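[1] generate coordinates for the sequence data below:
(one chain, ligands or ions: 1)
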Amino acid sequence: MRLLDVQALDLRLDQLAHRRRTIPEIAESERLRAERKQLESDMITAETQVTDLTREQRKAEADVEQVRSRRTRDEQRLQAGQVGSPKELESLSHEIESLTRRQSDLEDVELDVMERLETAAARHDELRGQYTALEERIAEVERSRDAAFAGIDAESDQIRRERADTAAGVTDTLLTLYEKLRAQFGGVGAAALRQRRCEGCRMELDASYLTKIASTPDDTVLRCEECGRILVRTLESGV
Ligand SMILES: [Zn+2]
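    Predicted coordinates:
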């Protein structure tokens, strides 16, 4: 009977171990961590884009500035009346016209880069926001997971102590046999005999074996003829 108590406690420990392996927070944490990894990679891409476009914008600015200052210089020369010959005057006017067009084109380029930079920066900010929210969610799920672990571990520790006390009353030989059968038969090494039925395999034992059991001393270890588990006689054995 004491061995049946050990068996019940072992099954309880098996259930707790199973629950510890399968709590939903474990899968959830793994899923969120995978999501975070993807997000990290997206953020690197977005950050690289911002860096590249910032450099491109600076170059576009410098290009515009270079043309603008040359045009200003030409205009000042023109206004100052420093140009004498009509031919030189015409050539200077042409250059100013051409510089004006060039400046306008370069300003379009600059504007386009600025727009793209703005979009990239906004995307980067958005990803950073998502990352922060995800970090909080992961921390929350893992806190909940750890709390569940702590609860299960505390309960398991208590049952293990109870199991040790209970097993202390069972002989080593019987306990060794039980452990061996338990490993072999899916966690159940000892079963009760109730209403002529082995509760390990649910089979009803045949009449000749039951007669044999009836004449066997109480302290003899019996085995189920059907499944081989240790069979423990109870008050409702039906023998
Ligand atoms: Zn059986």
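[2] burial of the nearest residue to L16 once chain neighbours are set aside, as a residue count?
    Distances taken as C-beta to C-beta, 6 or more residues apart in numbering put S156 closest to L16, at 4.9 Å, once the chain neighbours are dropped. All C-beta atoms are positioned from the backbone trio N, CA, C, and that covers glycine. Number of residues near S156 (other C-beta atoms under 10 Å) recorded here: 18.
[3] surely S156 is within a strand?
    No - checked against DSSP: H, G, I helix; E, B strand; the rest coil, S156 lies outside a strand; its state is helix.
[4] what pLDDT does it get?
    pLDDT for S156: 98.
[5] can you check R137 too?
    So, for R137, pLDDT stands at 98.
[6] ok, it touching R31?
    No - counting by C-beta atoms under 8 Å, R137 stays clear of R31, with 10.5 Å between them.
[7] so for those two, which sits in the more crowded spot?
    Taking other C-beta under 10 Å, R137 and R31 do not tie; R137 has more neighbours (15 against 12).
[8] would you agree the residue nearest to L16 is in contact with L13?
    Yes - counting by C-beta under 8 Å, S156 does reach L13; the two are 6.1 Å apart.
[9] quick one on the thing from earlier: what residues are up against the residue nearest to L16?
    Applying C-beta atoms under 8 Å, 6 or more residues apart in numbering to S156 gives the contacts 13, 16-17, 20.
[10] nearest to the ion, of these?
    Lowest distance from the ion to the contacts of S156 (C-beta to the ion) belongs to L13, with 22.1 Å.
[11] relative to A46, how far out is that closest one?
    49 Å (C-beta to C-beta, to the nearest Å).
[12] likewise L3?
    64 Å.
[13] contact residues of the chain facing the ion?
    198, 200-201, 224, 226-227 (C-beta under 5 Å from the ion).
[14] Q130: which of those residues is nearest?
    Using C-beta to C-beta, G200 is the member of the residues of the chain next to the ion that lies nearest Q130, at 53.7 Å.
[15] I'd assumed V188 was in contact with the closest one.
    Yes - using C-beta under 8 Å, G200 is in contact with V188, at 5.3 Å.
[16] quick check: which element contains the residue nearest the centre of the chain?
    Among the residues of the chain, E30 comes closest to the average C-alpha position under C-alpha atoms, centre = their mean, at 1.2 Å. For E30, the element it lies in under DSSP states H and E is helix 24-79.
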